[in-house]
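Participant: Sharing a model prediction with you, sequence too.
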Amino acid sequence: MKRIGLAVAVAALALGGCGKQGGGNGGMTVGFAQIGSESGWRTAETNAAKASAKEKGVDLRISDAQQRQENQIKAIRAFIAQGVDGILLAPVVATGWDQVLKEAQAAKIPVVLVDRLIETSDKNLYLSAVTSDQVLEGRTAGEWLTKTVGSRDCPVIELQGTVGSSPAIARKKGFDEALAKTANVKIVRSQSGDFTRSKAKEVMESAIKAVGGNKICAVYAHNDDMMIGAIQAMKEAGLRPGKDVLTVSIDGVPDIFKAMQDGEANATVELTPDMAGPALDMLAAYKKDGKAPPKWHQTPTKLYLPDTAAAEYQRRKDLY
Ligand code: GZL
């Protein structure tokens, strides 16, 4: 699909099919310290950023950190040395950013966080953050599960995202909040699959051995890619994911909708890949009038179930 069309399609997905496209960012040069390509969602975010930058006339320079914080810090320093107009940062973990953000601040280069947050005592170190409410995502997943399970005992396996990342911390918090309201739905094993299919498959294989496949009532994965890995592990162990074992995960990537159509997945909580669009608009507006935007631009959260999986797969398959 043409990149311009991709930007419109991603925006439509994010805005539910309507809403204006930001304009007037022409001539900016922006550095994007991206995490890597650990998941289908991450790749879609990068593609959406490229399409959005092209549509807005922004020269976007994207670095791939291979999921290593030190590489993101190196990339930010390189962007500072290049004298870019702004920096987007998707922080792989939540801590350890103050020093390099102080260097960007000293160089008067605004930084916008995208899709993940940082822990810092000085929120002035970044202009704004474009993220979902990740606690709400976890709570939405947990509430769907407890409602679906009813009163029967339900041992749950949790596949956490990258250790120390804001989505892993927040999605666990929200899910735990929902389960705390019940006495019968309990996490019996929780481990990081680092947001990747391969690591999650290994973690699920060991969980099945440790807990006993026939004892597992549900799996909660902090992203769909880890759930795809877990589904593979369950099928190889003779389990029926989506039937004997309920699944709920987060992102809304095409492959989870495909799994739903195959009867192998039950629920996903959507996360829009269009995080760079609003961030680039903020940088352009700030460059123009110097007025700081709100500290947080919240992206939408929505639960999807198998009843709309076919249509949702069609809507997404060209964006990822
Ligand atoms: C969440 C984002 C997460 C996605 C994963 O905002 O940071 O990172 O849910 C990705 O797919 O790895």
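Facilitator: On my side now, so go ahead.
Participant: where exactly do the helices run in the stretch 1-150 of the chain?
Facilitator: 3-15, 40-56, 69-82, 98-106, 134-149 (DSSP state H, counting those that start in this stretch).
Participant: got the CA coordinates for the third one in PDB?
Facilitator: Output in PDB follows, covering the C-alpha atoms of helix 69-82 (Å, rounded to 0.1, in the frame of the first residue of the first chain):
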ATOM      1  CA  GLN A  69      18.800   1.000  26.100                       C
ATOM      2  CA  GLU A  70      22.400   1.800  25.500                       C
ATOM      3  CA  ASN A  71      21.800   1.900  21.800                       C
ATOM      4  CA  GLN A  72      18.800   4.200  22.200                       C
ATOM      5  CA  ILE A  73      21.000   6.500  24.400                       C
ATOM      6  CA  LYS A  74      23.700   6.500  21.700                       C
ATOM      7  CA  ALA A  75      21.000   7.300  19.000                       C
ATOM      8  CA  ILE A  76      19.700  10.300  21.000                       C
ATOM      9  CA  ARG A  77      23.300  11.600  21.400                       C
ATOM     10  CA  ALA A  78      23.700  11.300  17.600                       C
ATOM     11  CA  PHE A  79      20.500  13.200  17.000                       C
ATOM     12  CA  ILE A  80      21.600  15.900  19.300                       C
ATOM     13  CA  ALA A  81      24.900  16.200  17.400                       C
ATOM     14  CA  GLN A  82      23.000  16.400  14.200                       C
END
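Participant: How about the contacts made by the residue of the stretch 201-320 of the chain found nearest the ligand?
Facilitator: Of all residues in the stretch 201-320 of the chain, the one sitting closest to the ligand is residue 223 (3.7 Å; CB to the nearest ligand atom). Heads up, the C-betas are built off the backbone N, CA and C, glycines and all. Residue 223 makes contact with 39, 41, 161, 167, 195, 249-251 under the criterion CB atoms under 8 Å, 6 or more residues apart in numbering.
Participant: The same query, at a cut-off of 6 Å, please.
Facilitator: Going by CB atoms under 6 Å, 6 or more residues apart in numbering, residue 223 touches 39, 195, 250-251.
Participant: For it, report the pLDDT, please.
Facilitator: For residue 223, the pLDDT comes out at 98.
Participant: distance of it from residue 29?
Facilitator: For residue 223, the distance to residue 29 equals 31 Å [CB to CB, to the nearest Å].
Participant: try residue 167
Facilitator: 29 Å.
Participant: Name the residue in these two with the higher neighbour count.
Facilitator: Taking neighbours as other CB atoms under 10 Å, residue 167 and residue 29 compare with residue 167 leading, 25 against 14.
Participant: before we move on, back to that, can I get the contacts of residue 223 in TSV including distance to residue 66, pLDDT and neighbour count?
Facilitator: What follows is the contacts of residue 223, written out as TSV (distance: CB to CB, whole Å; pLDDT from 0 to 100; neighbours: other CB atoms under 10 Å):
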residue	distance to residue 66	pLDDT	neighbour count
39	13	97	23
195	13	98	29
250	23	98	32
251	20	98	27
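Participant: what residue ranges in this protein score low on pLDDT?
Facilitator: In the predicted model of the chain, residues 1-26 satisfy pLDDT under 70.
Participant: That one: strands as residue ranges?
Facilitator: Using DSSP state E, the strands of the chain run over 29-34, 59-64, 86-89, 111-114, 128-132, 154-160, 185-192, 218-221, 246-251, 267-271, 296-299, 301-304.
Participant: Output these as CSV; include the columns distance to residue 310.
Facilitator: Formatted as CSV, the strands of the chain follow (distance: least, CB to CB, whole Å):
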stretch, distance to residue 310
strand 29-34, 31
strand 59-64, 33
strand 86-89, 34
strand 111-114, 30
strand 128-132, 25
strand 154-160, 26
strand 185-192, 29
strand 218-221, 22
strand 246-251, 18
strand 267-271, 14
strand 296-299, 24
strand 301-304, 11
